[in-house]
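show me the folded form of this:
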Amino acid sequence: MLSEHMENHVFYRNLRKTYPVVDRGEGIHIWDKDGNRYIDGSGGACVVSLGHGVPEILEAMKEQAARISFAHGSHFTSEAARECADRLVRLAPDPSLSRVYFLSGGSEAVETAVKVVRQYWREVGRPDKYKVISRWVSFHGNTMGAVALGGHTARRRHYHPHFLHTPHIEPAYCYRCPFGREPQTCSLECAEQLERTIKYEGPDAVAAFIAEPVVGATAGALVPRDGYWQRIREICDTYEVKLIADEVMTGVGRTGRNFCLDHWSVVPDVIVSAKGLSSGYTPLGAVIVKEEIHDAIRSGSGAFVHGHTYSQNPLSVAVGAAVLRYLEEKDLIARCATMGEVFLEKLRGLLERPMVGDVRGLGLFAGVELVQNKETKAPFAPSGKISARVAQEAFRRGLITYPGSGGADGINGDHILLAPPFIITEEELDEIVRILGEAIQAVEKEVGM
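Numbers count the residues shown, from 1 in each chain. Sure, this is the predicted structure:
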């Protein structure tokens, strides 16, 4: 335990914020050391799917730790790694997605996906294919390569000198369509832009397209209209471009399907997974690749030139296997789908508030966009820090949310992302919506709405 005389040497993310000291978690709730209780309405950062303190997961962690906690992946494999990979492959949308490479988190996994695709093209004699196209208003992680692929201005601006400027296309953002169209009558201009960009960049040079099936952190659960992902898959096939689905947030049941692209019956070439894969019980990420990618490397050079110290860590993959086992035994992905419909219906009641411009989502993955003018969709000025203020008001009332800004155009825009654990009840969803509504109302009053 900490001594009251011990100094605090932790380097925090926000240096002007005072953080309460967390004490314990149980179910959908977290308690701090002062005894305050919070609803984990965002699953941390869209991580906690099973809830906190699940005995079966803690037991699996203890069992593996008692046997061995660490063995380097260059020396050993483990039963836990094989079980976790097997269970993850069984969740995948197609038998061709049959090989799993384990990492410590989403950013590592994103860069691993890019590297494995790059090496694949070299192995099959196409070394000129190296460019990776991504989208604006996206987030793929905080390591340098992942930041380059991301499309969020505030997360990129400090580090521009350190990474290559990769090609980006417009997002599928129906509420703020970059092409001025309506989803009911559009011609999927946002998808067609991928084909134009591939042509401009040179089809022989483009290796992959990476995107979140539903955008998370940077804009708050942007759900594309039906047909978008089907068209993206067609374009990738036409120009021999690998499709990388960044399912770090949306995967492992979060949107009510095993993986989010299942909603549109689209099979990617590579799936990036993390967050819900371990439900926050341990740092864990994974990349699922098609057998053809694995085969090309195995029959070519024979080695993937990549690895991290904690790749395939026995303790982490044992926890991952236990999480996947628990999800299946309790049928929690189906529960997420059911409760997600209930949640979105309740959240739509917030559209009555002057500040709430849009409510959207899939499963227990929902976004509430905050605007200055509902008729024009005009966003607040960034200096107002509206989403942060709403999140702070909610936190004071006992609700944890995931605020975000800059989604409208890279600089302007405010939203709140919500992603509660799959075990949540209807009454608890009511409490989330009530508290969030009170928090929004408090900020509306402050800004004179």
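
name the helix or strand for the residue nearest to E393 when sequence neighbours are not counted, please.
Of all residues beyond its chain neighbours, the one nearest E393 is A439 (3.7 Å), with distances taken as Cβ to Cβ, 6 or more residues apart in numbering. C-betas here are computed from N, CA, C, even on glycine. Under the criterion of DSSP states H and E, A439 resides in helix 426-447.

buried ones in that helix?
Judged by neighbour count using 16 or more other Cβ atoms under 10 Å, the buried positions of helix 426-447 are 428-429, 431-433, 435-437, 439-444.

low pLDDT regions in the stretch 1-150 of the chain?
1-4 (pLDDT under 70).

show me the strands in it, by range?
22-26, 29-32, 37-40, 97-103, 131-135 (DSSP state E, counting those that start in this stretch).

quick one, which of these is nearest to V317?
Proximity to V317 (Cβ to Cβ) singles out strand 97-103 among the strands of the stretch 1-150 of the chain, at 5.9 Å.

quick one: the helices in the stretch 151-300 of the chain?
For the stretch 151-300 of the chain, applying DSSP state H, counting those that start in this stretch gives helices covering 153-156, 189-201, 228-238, 291-299.

TSV for these, including mean neighbour count?
Converted to TSV, the helices of the stretch 151-300 of the chain look like this (neighbours: other Cβ atoms under 10 Å):
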stretch	mean neighbour count
helix 153-156	16
helix 189-201	18
helix 228-238	18
helix 291-299	16
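
a markdown table for the ones you listed, including distance to C174 and mean pLDDT?
Output for the helices of the stretch 151-300 of the chain, formatted as a markdown table (distance: least, Cβ to Cβ, whole Å; pLDDT from 0 to 100):
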| stretch | distance to C174 | mean pLDDT |
| --- | --- | --- |
| helix 153-156 | 21 | 86 |
| helix 189-201 | 9 | 98 |
| helix 228-238 | 9 | 98 |
| helix 291-299 | 33 | 98 |
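
which one of those helices lies nearest to N142?
With distances scored as Cβ to Cβ, the stretch of those nearest to N142 is helix 153-156 (7.2 Å).

OK, contacts around A388?
403, 405 (Cβ atoms under 8 Å, 6 or more residues apart in numbering).

quick check: buried residues in whichever strand or helix holds it?
Using DSSP H and E, the element containing A388 is helix 386-396. For helix 386-396, a neighbour-count test (16+ other Cβ under 10 Å) marks 386-387, 389-395 as buried.

now it - C-alpha only, PDB.
Written as PDB, here are the backbone C-alpha positions of helix 386-396 (Å, rounded to 0.1, in the frame of the first residue of the first chain):
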ATOM      1  CA  ILE A 386     -17.700  21.000 -25.000                       C
ATOM      2  CA  SER A 387     -17.200  17.200 -25.100                       C
ATOM      3  CA  ALA A 388     -14.700  17.400 -22.300                       C
ATOM      4  CA  ARG A 389     -17.000  19.500 -20.200                       C
ATOM      5  CA  VAL A 390     -20.000  17.100 -20.800                       C
ATOM      6  CA  ALA A 391     -17.700  14.200 -19.900                       C
ATOM      7  CA  GLN A 392     -16.600  16.000 -16.700                       C
ATOM      8  CA  GLU A 393     -20.100  16.700 -15.700                       C
ATOM      9  CA  ALA A 394     -21.100  13.100 -16.300                       C
ATOM     10  CA  PHE A 395     -18.000  11.900 -14.300                       C
ATOM     11  CA  ARG A 396     -19.000  14.100 -11.400                       C
END
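
centre of the chain versus that helix, how much separation?
Distance, stretch centre to chain centre, for helix 386-396: 21 Å (Cα atoms, centre = their mean, to the nearest Å).

quick one, that helix and helix 426-447 angle?
130 degrees (axes from the mean of the first three to the mean of the last three Cα atoms, to 10 degrees).

what does the helix or strand following helix 386-396 contact?
Next helix or strand after helix 386-396 toward the C-terminus (DSSP H and E): strand 399-400. Contact with strand 399-400 is made by 30, 38-42, 44, 394, 431-432, 435-436, 439, as judged by Cβ under 8 Å, 6+ apart.

what do you get for stretch 68-75?
In contact with stretch 68-75 (Cβ under 8 Å, 6+ apart) are residues 78, 102, 307, 309-315.

circling back to that earlier point, out of the contacts of strand 399-400, which is nearest to I232?
The closest of the contacts of strand 399-400, once distances to I232 are taken by Cβ to Cβ, is S42, at 27.7 Å.

give me the neighbour count for that closest one.
23 (other Cβ atoms under 10 Å).

contacts only, for the closest residue to it other than its chain neighbours.
Distance criterion Cβ to Cβ, 6+ apart; nearest residue to S42, sequence neighbours excluded, is Y402 at 3.9 Å. With contact set as Cβ under 8 Å, 6+ apart, Y402 has these partners: 42, 45-46, 217, 391, 416-419.

residues touching L418, list them.
Going by Cβ under 8 Å, 6+ apart, L418 touches 41-42, 343, 347, 361, 364-368, 401-402, 432, 436.

for it, give me phi and psi.
phi -120, psi 140 (degrees, to the nearest 10).

please name the residues that touch the residue nearest to it when sequence neighbours are not counted.
Residue nearest to L418 in three dimensions, not counting chain neighbours: A366, with 4.7 Å by Cβ to Cβ, 6+ apart. In this structure, A366 makes contact with 220-221, 340, 343-344, 347, 359-360, 417-419, judged by Cβ under 8 Å, 6+ apart.

what's the spacing between A366 and Y402?
10 Å (Cβ to Cβ, to the nearest Å).

on that earlier part again, any chance of the contacts of strand 399-400 in JSON lines, plus distance to P283?
Shown next, in JSON lines, are those (distance: Cβ to Cβ, whole Å):
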{"residue": "I30", "distance to P283": "19"}
{"residue": "Y38", "distance to P283": "22"}
{"residue": "I39", "distance to P283": "24"}
{"residue": "D40", "distance to P283": "18"}
{"residue": "G41", "distance to P283": "22"}
{"residue": "S42", "distance to P283": "18"}
{"residue": "G44", "distance to P283": "12"}
{"residue": "A394", "distance to P283": "27"}
{"residue": "E431", "distance to P283": "30"}
{"residue": "I432", "distance to P283": "27"}
{"residue": "I435", "distance to P283": "30"}
{"residue": "L436", "distance to P283": "29"}
{"residue": "A439", "distance to P283": "30"}
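
and the spatially closest residue to L103 that is not a sequence neighbour, how many neighbours?
Residue nearest to L103 in three dimensions, not counting chain neighbours: G285, with 3.9 Å by Cβ to Cβ, 6+ apart. By other Cβ under 10 Å, 28 other residues sit near G285.
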